[in-house]
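Trainee: pasting a predicted model and its sequence here:
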Amino acid sequence: MRATLQQTANKSPRIEQHTIYQIPLDARHGKARQLFTLWFGANLNVLTVVTGALATTIFQQSFLSAVLAILLGNLVGTIFMALHAAQGPRLGVPQMIQSRGQFGAKGAGFVVALVAFMYVGYAGTAFVTGGQSLHFIVPALSENVAILAIGAITLAGAIYGHDVIHFSTRMMTYVSGSALLLAYVWLLFITPIPGYFLTQGSFSAVGFFKMVSMGALWQLGYAPYVSDYSRYLPPDSGPRQAFWACYWGTTLGAVLPMILGALIGPAVADGNVVVAIAHLTGRVSLIVMLLLVPGVAVAGAICLYGGALALMTLGHTLVPRWRISHRARIVIAAGIFVVALLISVVGAKNFLPLYSHFNELLLYLLVPWTAVNLIDYYLIRFGDYHVPSFFAADGGIYGHYNHTALACYLVGIVVQIPFIATDLYTGPCARILGGVDLSWMVGIAVVSPVYYFAVRSLQRPLAAVPAEKS
């Protein structure tokens, strides 16, 4: 009896003990195929539907052009996201720690701070959509109280950490997947949507490429933390398997809800996608919302968890001798929760426009980082890094700053400026193109070769990486 109780206790969820440090080999576990359900389930939530709705609301595209833009943006953007995922099993560290191998111990600090800011914003958007959904299910709860309730659930998931998030997303594959299937069946076969939903709006190059950018950013937004969830995999699990599991998991998980969002876009009023879903799904709306709400909480947990890792990395950059415990991760996650909660309460009324502008800003800043990281990992060092140097007070063999990488990052931002097209600023090249924003494509196309040839020609030959003990 005592043995049985002990086995049960060992299988019960436990708060994750590891933080930003390399995962020991005896703690590695799981299969690469589990990354499919992680990213498929993580995408099945109301926020993904909201992102798809931008195509036929803010960007005023027809349904057909919206679907094409969603497909193109996700299929391209996921390539970069999945390439980052394949780094986790080999190095066993969070993505932002690994960035020290390209930018230097202190040089990576700006990107880490940017990513921490991103997590706070994404957590806030998850709280808003989750709160609106919960308010619909339980009208007695005010929207602000519902936002608080969703936030509390996400905080619990972030506190338990890696394994609980993996388990939760696996459950969302079935729970939220059922909601998505039910919504599609209802809207297409049981109570078909009005025909004008499919013909309203029209193709415009500006709106089309903005939605392509939104789809690409949706995937690029995962890049700074995708290897956080593959770092526990055994080193021999295979980068190829990790790549394809992430690629198809997140592509399918994002495209299906986004197309649903584009489909219901004409019914959205005052930026509230939740009300539009409820109105169109009629008698099954309560069931759809009940099944979708947990997915938003899981997405928020991913944001709080990743944000805590990013802020711990930033703290370690400022105080290299700080030995970070899992208790610090919990405190930091709680702090992010409070900030994100305030943002969500204040910004709920103007949610869709704020969300769109927030995504655009992130896209411009993340593109140069992802180009430098991937070129360095796959074409310069071929995945061969000295992990102890990531945590050395002096930066180890990577030093405090890699001026070549930092210069290329700045070049990546500068070359995008003429191609930016937003409500606040439109660059000269974007005006020539009729307002089409191609900035992120230009950023990747320029930074990738510039960084590669700069390293090869300007830097000294790379020193041999010191051998590590297993």
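Mentor: Thanks, I have it.

Trainee: and the host helix or strand of L311, how far out from the chain's middle?
Mentor: Element membership for L311 (DSSP states H and E) is helix 285-318. Distance of helix 285-318 from the chain centroid (C-alpha atoms, centre = their mean, to the nearest Å) equals 10 Å.

Trainee: how about the helix or strand following that helix: buried residues?
Mentor: As assigned by DSSP H and E, the chain's next helix or strand after helix 285-318 is helix 326-347. Neighbour-count burial for helix 326-347 flags 328-330, 332-333, 336-337, 340-341, 343-345, 347 (criterion: 16 or more other C-beta atoms under 10 Å). Where you see a C-beta, it was placed from the backbone N, CA and C, and this is true even at glycine.

Trainee: point to the residue nearest the middle of this structure.
Mentor: Taking C-alpha atoms, centre = their mean, the centroid of the chain lies closest to Y222, which sits 2.9 Å from it.

Trainee: shouldn't that residue be within a strand?
Mentor: No. Counting by DSSP: H, G, I helix; E, B strand; the rest coil, Y222 falls outside a strand, being coil.

Trainee: which ones are touching the residue nearest to it when sequence neighbours are not counted?
Mentor: Counting by C-beta to C-beta, 6 or more residues apart in numbering, Y222 lies nearest to M81, which is 4.8 Å off, once chain neighbours are set aside. For M81, the contact set (C-beta atoms under 8 Å, 6 or more residues apart in numbering) comprises 219-220, 222-223, 226, 246-247, 250.

Trainee: now a ChimeraX select for only the buried ones of these.
Mentor: What follows is the ChimeraX syntax for the buried subset of the contacts of M81, where burial is set by 16+ other C-beta under 10 Å:
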select :219,220,222,223,226,246,247,250
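
Trainee: so which of the contacts of M81 would you say is closest to A454?
Mentor: Nearest to A454 among the contacts of M81 is A223, at 21.5 Å by C-beta to C-beta.

Trainee: per-residue pLDDT, that closest one?
Mentor: Listed pLDDT for A223 reads 86.

Trainee: and it, how close does it get to V275?
Mentor: Taking C-beta to C-beta, to the nearest Å as the measure, A223 falls 32 Å from V275.

Trainee: now do A407
Mentor: 48 Å.

Trainee: which of those two has more neighbours?
Mentor: In terms of neighbours (other C-beta atoms under 10 Å), V275 is the more surrounded of A407 and V275; the figures are 17 against 14.

Trainee: quick one, what contacts the nearest residue to G157 once chain neighbours are set aside?
Mentor: Using C-beta to C-beta, 6+ apart and skipping the chain neighbours, the partner closest in space to G157 is A301 (3.0 Å). Going by C-beta under 8 Å, 6+ apart, A301 touches 153-158, 165, 168.

Trainee: ok, 10 Å please
Mentor: 42, 123, 126, 153-161, 164-165, 168-169, 333 (C-beta atoms under 10 Å, 6 or more residues apart in numbering).

Trainee: filter those down to just the ones in helices.
Mentor: 42, 123, 126, 153-160, 164-165, 168-169, 333 (DSSP state H).
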